[in-house]
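Participant: only geometry, no sequence info:
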């Protein structure tokens, strides 16, 4: 991408999209296209195609998606599969119709089987059954991957797909019903500390292992791969090491300075027991994540306190 390229970031207000915008501006890309949900409904094919016909973007970052944690995935499975399928279908097809030079599709590590060999390699895709709690979301993301690959094969497009691990960072969702585990724990510990509670309840056993990638690191990887990767096969984006949910909770409690008891509710779902990405492919291409987890948690906690925390009266 050169500095004059017209670049469309779908989902520019979201966690990932806003980080991509920050990274593009840092690299002096100013010819950026944005549309809010009110300005452009990405679930409407005619509207999406009219936008692409008018604006003719050179490059597309497809970061628009409906995302959430275990509770929201299990509560709204139809919303997750429908909205993600239709948005990615509309954008990928329009990118082909109107001559986009290159598109980057953002998937998710939940595309891999529930009992996948660890760490999870790109070739493990479709090698086993998915985790049931987020299967509709995962199926939609797999469809997006396969659509990019099919268009590359049939039409010679340059559509690439990245599979990020669990993300966190500025602009995160702290709603306890729809957020992912890391921002949810930050809010729980913060509010418990202010209220003087002696304990905090955490879903599950605390035993599952996860890895967490700072969203600005992901954005950096997106630009790196948009500029340097041309293959049709997917690429994992992560840090290559993980920790248990209990260890994560203890780290967050330390940052927030909550010294009460951590109570794990084993009646609540754990999700996939172990999720760690093999990032050797990306490392071989010349990219590695930079933000240490504890430093990233400190940054997102500062963001939460200054921007997202509810005033306490």
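Facilitator: Received it, and whenever you're ready, just let me know what you need. These figures come from a predicted structure and were not determined experimentally. Numbers count the residues shown, from 1 in each chain.

Participant: Please make it C-alpha for all contacts and neighbour counts, starting now.
Facilitator: Will do.

Participant: how many neighbours does residue 155 have?
Facilitator: Applying other Cα atoms under 10 Å, we find 10 residues neighbouring residue 155.

Participant: now do the one 4 residues further on
Facilitator: A total of 28 residues lie near residue 159 under the criterion other Cα under 10 Å.

Participant: bridging residues for it?
Facilitator: For residue 159, the beta-bridge partners are residue 103 (DSSP bridges).

Participant: got the contact list for it?
Facilitator: 102-105, 148-149, 151-152, 232 (Cα atoms under 8 Å, 6 or more residues apart in numbering).

Participant: For those, which entry has the maximal number of neighbours?
Facilitator: residue 148 (27 neighbours).

Participant: Do you know the pLDDT at the closest residue to that one other than its chain neighbours?
Facilitator: Excluding its sequence neighbours, the residue lying closest to residue 148 (Cα to Cα, 6 or more residues apart in numbering) is residue 159, at 5.5 Å. Residue 159 carries a pLDDT value of 98.

Participant: quick one: residue 159 and residue 74, what's the gap?
Facilitator: 30 Å (Cα to Cα, to the nearest Å).

Participant: before we move on, back to that, quick check, nearest of the contacts of residue 159 to residue 174?
Facilitator: Set against residue 174, the nearest of the contacts of residue 159 by Cα to Cα is residue 105 (24.8 Å).

Participant: Give me the residue ranges of the stretch 151-300 of the chain where confidence is low.
Facilitator: Within the stretch 151-300 of the chain, no stretch has pLDDT under 70.

Participant: Do a quick rundown of the helices in it.
Facilitator: Applying DSSP state H, counting those that start in this stretch to the stretch 151-300 of the chain gives helices spanning 181-195, 215-228, 245-256, 280-285, 293-303.

Participant: before we move on, what about the stretch 1-150 of the chain?
Facilitator: Under DSSP H, counting those that start in this stretch, the stretch 1-150 of the chain gives helices at 15-26, 45-55, 70-75, 77-97, 135-155.

Participant: Nearest to residue 32, out of these?
Facilitator: So among the helices of the stretch 1-150 of the chain, helix 15-26 is nearest, using Cα to Cα, at 8.2 Å.

Participant: Which other helices and strands does that closest one contact?
Facilitator: The elements that helix 15-26 packs onto, with contact taken as 3 or more Cα pairs under 8 Å, 6 or more residues apart in numbering; DSSP states H and E, are strand 7-10, helix 215-228.

Participant: okay, the angle between the last one and helix 15-26?
Facilitator: Here the directions of helix 215-228 and helix 15-26 differ by 60 degrees (axes from the mean of the first three to the mean of the last three Cα atoms, to 10 degrees).

Participant: ok, back up a step: just say which of the helices and strands packed on helix 15-26 is most tucked in.
Facilitator: Counting by mean count of other Cα atoms under 10 Å, strand 7-10 has the highest mean neighbour count of these, with a mean of 25.

Participant: From the chain's centroid, how far away is it?
Facilitator: 16 Å (Cα atoms, centre = their mean, to the nearest Å).

Participant: just stretch 242-249 next, same as before
Facilitator: Per Cα atoms, centre = their mean, the centroid offset for stretch 242-249 relative to its chain is 19 Å.

Participant: Repeat that for stretch 115-131.
Facilitator: For stretch 115-131, the distance to the chain centre is 18 Å (Cα atoms, centre = their mean).

Participant: cool, stretch 232-250 as well?
Facilitator: Distance, centroid of stretch 232-250 to centroid of chain: 12 Å (Cα atoms, centre = their mean).

Participant: Check the separation of the first and last residues in it.
Facilitator: 40 Å.

Participant: Tell me how many other residues surround residue 160.
Facilitator: 24.
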